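> quick one, structure for this:
(6 chains)
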There are 6 protein chains.
Amino acid sequence: MLVVSAHAADYVWRAGGTIAKYIKNGAEVHLVVLSFGGRGESNDLWKQPGATADSVKAVRRAETQAAAEILGLRNIEFWDLQDYPIQTDEAMDERMVRKIRTVCPDIILTHDHNGKDVLNPDHNYVSQWVFRCSIMANSAGVRMEGLPSTRQMRLFGFEPHQTELSGFVPGSFVDITGTYEQKVAAMKCFKAQSHLIQYYTDRAFLRGNHARRISGNQSYRYAECFSNFFPIVGEKLY
Amino acid sequence: MLVVSAHAADYVWRAGGTIAKYIKNGAEVHLVVLSFGGRGESNDLWKQPGATADSVKAVRRAETQAAAEILGLRNIEFWDLQDYPIQTDEAMDERMVRKIRTVCPDIILTHDHNGKDVLNPDHNYVSQWVFRCSIMANSAGVRMEGLPSTRQMRLFGFEPHQTELSGFVPGSFVDITGTYEQKVAAMKCFKAQSHLIQYYTDRAFLRGNHARRISGNQSYRYAECFSNFFPIVGEKLY
Amino acid sequence: MLVVSAHAADYVWRAGGTIAKYIKNGAEVHLVVLSFGGRGESNDLWKQPGATADSVKAVRRAETQAAAEILGLRNIEFWDLQDYPIQTDEAMDERMVRKIRTVCPDIILTHDHNGKDVLNPDHNYVSQWVFRCSIMANSAGVRMEGLPSTRQMRLFGFEPHQTELSGFVPGSFVDITGTYEQKVAAMKCFKAQSHLIQYYTDRAFLRGNHARRISGNQSYRYAECFSNFFPIVGEKLY
Amino acid sequence: MLVVSAHAADYVWRAGGTIAKYIKNGAEVHLVVLSFGGRGESNDLWKQPGATADSVKAVRRAETQAAAEILGLRNIEFWDLQDYPIQTDEAMDERMVRKIRTVCPDIILTHDHNGKDVLNPDHNYVSQWVFRCSIMANSAGVRMEGLPSTRQMRLFGFEPHQTELSGFVPGSFVDITGTYEQKVAAMKCFKAQSHLIQYYTDRAFLRGNHARRISGNQSYRYAECFSNFFPIVGEKLY
Amino acid sequence: MLVVSAHAADYVWRAGGTIAKYIKNGAEVHLVVLSFGGRGESNDLWKQPGATADSVKAVRRAETQAAAEILGLRNIEFWDLQDYPIQTDEAMDERMVRKIRTVCPDIILTHDHNGKDVLNPDHNYVSQWVFRCSIMANSAGVRMEGLPSTRQMRLFGFEPHQTELSGFVPGSFVDITGTYEQKVAAMKCFKAQSHLIQYYTDRAFLRGNHARRISGNQSYRYAECFSNFFPIVGEKLY
Amino acid sequence: MLVVSAHAADYVWRAGGTIAKYIKNGAEVHLVVLSFGGRGESNDLWKQPGATADSVKAVRRAETQAAAEILGLRNIEFWDLQDYPIQTDEAMDERMVRKIRTVCPDIILTHDHNGKDVLNPDHNYVSQWVFRCSIMANSAGVRMEGLPSTRQMRLFGFEPHQTELSGFVPGSFVDITGTYEQKVAAMKCFKAQSHLIQYYTDRAFLRGNHARRISGNQSYRYAECFSNFFPIVGEKLY
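Prediction:
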């Protein structure tokens, strides 16, 4: 599994429980954090006297690493792009294609592709870009010495902060009852965004309610929700 | 699995391969054929000299049974409603709720729920109605002596004849490579709708192409496509 | 303000804070409870030994009245329709038109009109029906002795339980910080649906977060969200 | 061409210019007026002292006939259903199927099918119903002595009063520059809805502007706009 | 209030009445005209013999200033970007963020954000860009010496020329009866687009009709319509 | 007619029959092939030992020319852009505007504009870009020595590979029964994409079925389907 997070904490709020669960079950999970979110998602840090771009970045890096450790995530790369807005060029395309081919993931988790995050243009940009890079990675004509094209992987999208306004369509719920405590602990690392901890704690509870209602499985207590970039394909109906 | 088909042949064109596969894998599959499609889907039969409602119905029944036998389907009920338009009343509601509670299915397969079949109002009506009955079946307050409420099951929708015009959203592809020959043989039972045999043969090929493209699994040769009434819920991402 | 609730508790979960606030501010609020939700929303009550339709109904009535009292709601009518499914006829049309013309509301609050509640067909039915009756009430040609036609009122829709799946489009947020405690107390009257109390408590918190984010007003702590049946019309931009 | 109008004046506001043009060019046009709009669209008539259902109906009938005469329309039937709400039963289904088979139209013009008229539930109901009847008329299995099934005709929808709120999708513009004066004269027959005359005069001007912009044909001065029930099919691209 | 207009006349056609009203009521309104529309919206000016980019621009500037004066608008900036296509870079981002922080508006009026103007790609581009800049302006991490981050403002979108084709969703109507004459006078300054004066005069009349119908307030004679970038948030239901 | 194809073979799969038909009927058809599809659509060619960008390109060029010859297409330009991703700059804008003004087409055929090709970002990019260039070509203010602005032409979009997932809305069907054999022969030129030949052969059959069903014209055996960038405008209803 490859996780691409626009800002430092995105992957924790929206997918921390699922990532922890995959790791617990033995999956190899790789994380790319594109930016530290210094401009877009560190409002509280900038309120501290003497805050500078570097000091903010240092805090965010430390928090992200602490959170990742709690989730069991070992393979992290910080690409340290500027955010607000995040922008990429051809060299960055190549870097991402290379990353995808190196990891060769079954699943890519990134920002939602179908809707449009109404509060965060970076999320939309990153989603489109990761998707485009995945298509390039899968294409034999995009040549890279020693890195053959990948097989079509599955892609899933994080839910945005305000789902209905952002056209988010729930596609898959993952039960995170077993890793919920880990997720809460990981969220608590982001002291600058403390108001979000309660938010995503409550959301996991609501998603758990949804998961029970539509599956009939009463054992689900907490869940995370993702959009499906593609329909489900398989040997039966899931 | 419970399959509810508005007209006699609907379940074969859209889900014959999947039904055969489930049966092959040991599932218990029940079929309710609501109408023989005598008014809406038997144009060719009516061209035969001396055709009457009864003669048309008799042909459709025989064809449906022959097709079901080929698919391995043993549990069939013909409810013999009039079609064009299919209409239901409270007694029919109760009959369907009773059927659902008796079968206690994990999966209900019926007509598409999200879109609107632009060529066949019966399909829309049946889809809404089956869905409503499933909710009643799941509700403890809808009392039936000896038949407790069911647990929330999964529901999937057949693809309509002209998918794009009908707002059909593909949710799940099922590989039917292993039962494709059975499906073709079953379709051939419907002599009055011979033009549809080529149609759904081609469609299985196209859906196979789609299934390969979005899954990367090159072993899929033929597929059927369904809409998801609900998101997928589970222990991982499918 | 006229509130039309399909089942006994709907108005509390989705609009209790707003109703209490309007009453606090001196508005005259009328409530019509169409059904006691005995079949559709009383699963827990039916688990009690010896439960009957009448005993369930009696509990629901008592709970609803207790909740209404907490909210300050004095004008309640129980129409005692069967639910699952709720159905109406011409006499019921006339009764609702009569009610609307008698109350002459500035605002009607009922179930969401734009989307489609994916878990509760009664909500969709009631929404369409109330809307149709409001149009009849406003039409001078629908004659009722002594009850002249009403002026076009504003209509707003409750949010459904699973908003994204139901195509709910948030149109208006109402700050309920000042009546949140009342709402929580009112919700606690519904002992048979205790799992929903935590659900709608959390949701009020999330909606408060949304309200702050999109308005910039940091004083909002809890909020309720509604769909707009019509655009906002006025002397300025709200 | 068969035109089915829910209320007495609908066909004039939305399609008067097109109808006049078809007649001018030699087409045979049949009109069915389902209701006189006595309850829903005669507010001004009811303001007159001593107005009764019968007096309102008489005025509407006279106005409709006068308007039809101006447009050159000779084949009119008044079915005199109640409106607000318009409702149909099986006998009415049969009557409409019979009408369609008798006229055997190339084109059916009626209310919009894709969207949802946000101000007039009758329009939605009629549109769905006419469409369903057209499908029954085309089906050989719906037997009627002496009236063989029709060939699939084209269907187009009137634009509703508030197009954007009603999800109206413009599909076809018809230049009515040559019959615009006739349409204005016909509209003036409806004295009880005088505020609509200016409205639909302005709209014809706006639609003319749209028609010029998207076609590049500067000779179009006035136009009417319709939704397409189906895609355009033909020997070339129109 | 900050108004951002892609081309010189956009703000007059779509929002002239609202702007005049806000000014009349004492609001401070700032206008940024991004381009003179020399390439995209001056077809008639180019028909004059000897027209050059400079002569066209001079006419447009004079017309825009005359129109602004009629509306009472004093704070105008012409950024003189090329149009068809309008493009922006990082320096322009900074300029806009700086402008927003300097004005510190409660409301930003610009092109529609939800839909897609089917006839004018510049409008779509500008809308996305202004929105992105507003988010940057609100973010404490986007540092500008002496210009603190703004509080989340409300944003509203102009209606595009062909609303239905452009996916425009009416969100708010503003009564402009009191400033309608000013708007007409301001529109008449744009001699090169004389065909649009009638168009937007008629549209104000139609929007007035809509405003009356959905509000029940019969005093509205002319109105302008806007899309809401966000739901309405407040202490009550508007 | 001007056809703009993102990659070498796109125009054949999706529009080969229509192009051949127009040519047969005497139309002048111009084709611009933006890229050879060396990176994105030549997976099979890259499997050949010793394949290089140049060898792949040479094969694609030869195949495209052979296919064009079969369709009767004489006016082809290869712009030889890189694909995956295709990108354009200002010079390319000017080149396309110049091309459009030189050809002065009644119809532009290119990739779909309304939806979003879920498997091929190049298609989306090209569609937006061609559309923007068409608007510039039509604008008198975009000055080009000796090339006056064009009159608004009609634009139609190719259907994408997976239509439902890409939000494709069928707008126009063209009967290609008379040129179907030519299309099949042209498709067979693309040996590297042999799996697509069966795919688009089947699709032409399915589209023929759709065309018959919705038009009632039983003579259509094969068809191609396009989206409409604009509504149909004309003297009657098509």
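> which ones are touching residue A:112?
Residue A:112 makes contacts with A:123, A:127, A:157, A:158, A:159, A:160, A:166, A:168, A:227, as judged by CB atoms under 8 Å, 6 or more residues apart in numbering or on different chains. C-beta coordinates here come from the backbone N, C-alpha and C atoms, glycine included.
> looking at neighbours, which among these is most surrounded?
Top of the contacts of residue A:112 by neighbour number is residue A:157, holding 29 neighbours under the definition other CB atoms under 10 Å in any protein chain shown.
> how near is it to residue A:79?
Distance, residue A:157 to residue A:79, using CB to CB, to the nearest Å: 20 Å.
> state the pLDDT value of the residue nearest to residue A:51 when sequence neighbours are not counted.
Residue nearest to residue A:51 in three dimensions, not counting chain neighbours: residue A:45, with 5.9 Å by CB to CB, 6 or more residues apart in numbering or on different chains. Per-residue confidence at residue A:45 stands at 91 (pLDDT).
> what strand or helix carries residue A:45?
Using DSSP states H and E, residue A:45 falls within helix A:43-46.
> need the CA coordinates for that helix. CSV is fine.
What follows is helix A:43-46 as a C-alpha-only set of coordinates in CSV (Å, rounded to 0.1, in the frame of the first residue of the first chain):
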residue,chain,number,x,y,z
ASN,A,43,-2.6,28.2,11.9
ASP,A,44,-2.1,27.5,15.6
LEU,A,45,1.6,27.1,15.3
TRP,A,46,1.9,30.5,13.7
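> can you name every helix or strand that it contacts?
Helix A:43-46 makes packing contacts with helix A:53-71 when contacts are defined by 3 or more CB pairs under 8 Å, 6 or more residues apart in numbering or on different chains; DSSP states H and E.
> from the chain's centroid, how far away is the helix it packs on?
16 Å (CA atoms, centre = their mean, to the nearest Å).
> quick one: it near chain E?
Yes: applying CB under 8 Å from any CB of the partner chain, one finds helix A:53-71 in contact with chain E at A:53, A:56.
> who are the packing partners of that helix?
helix A:10-24, helix A:43-46, strand A:75-81, helix A:180-187.
> ok, of those, where does mean pLDDT dip lowest?
Mean pLDDT per stretch puts helix A:43-46 lowest among the helices and strands packed on helix A:53-71, at a mean of 89.
> picking that back up, list the buried ones in the helix holding residue A:45?
For helix A:43-46, a neighbour-count test (16 or more other CB atoms under 10 Å in any protein chain shown) marks A:45, A:46 as buried.
> would you mind finding the most buried of the helices and strands packed on helix A:53-71?
Greatest average neighbour count among those goes to helix A:10-24 (a mean of 26), per mean count of other CB atoms under 10 Å in any protein chain shown.
> if we can go back for a sec, for residue F:208, find the nearest of the helices and strands packed on helix A:53-71.
Closest approach to residue F:208 among the helices and strands packed on helix A:53-71 (CB to CB): helix A:10-24, 45.6 Å.
> list the strands paired with the next helix or strand after the closest one, with their directions.
Downstream of helix A:10-24, the next assigned helix or strand under DSSP H and E is strand A:30-35. If you go by DSSP bridges, strand A:30-35 pairs up with strand A:2-5 (parallel), strand A:75-81 (parallel).
> understood, closing this out.
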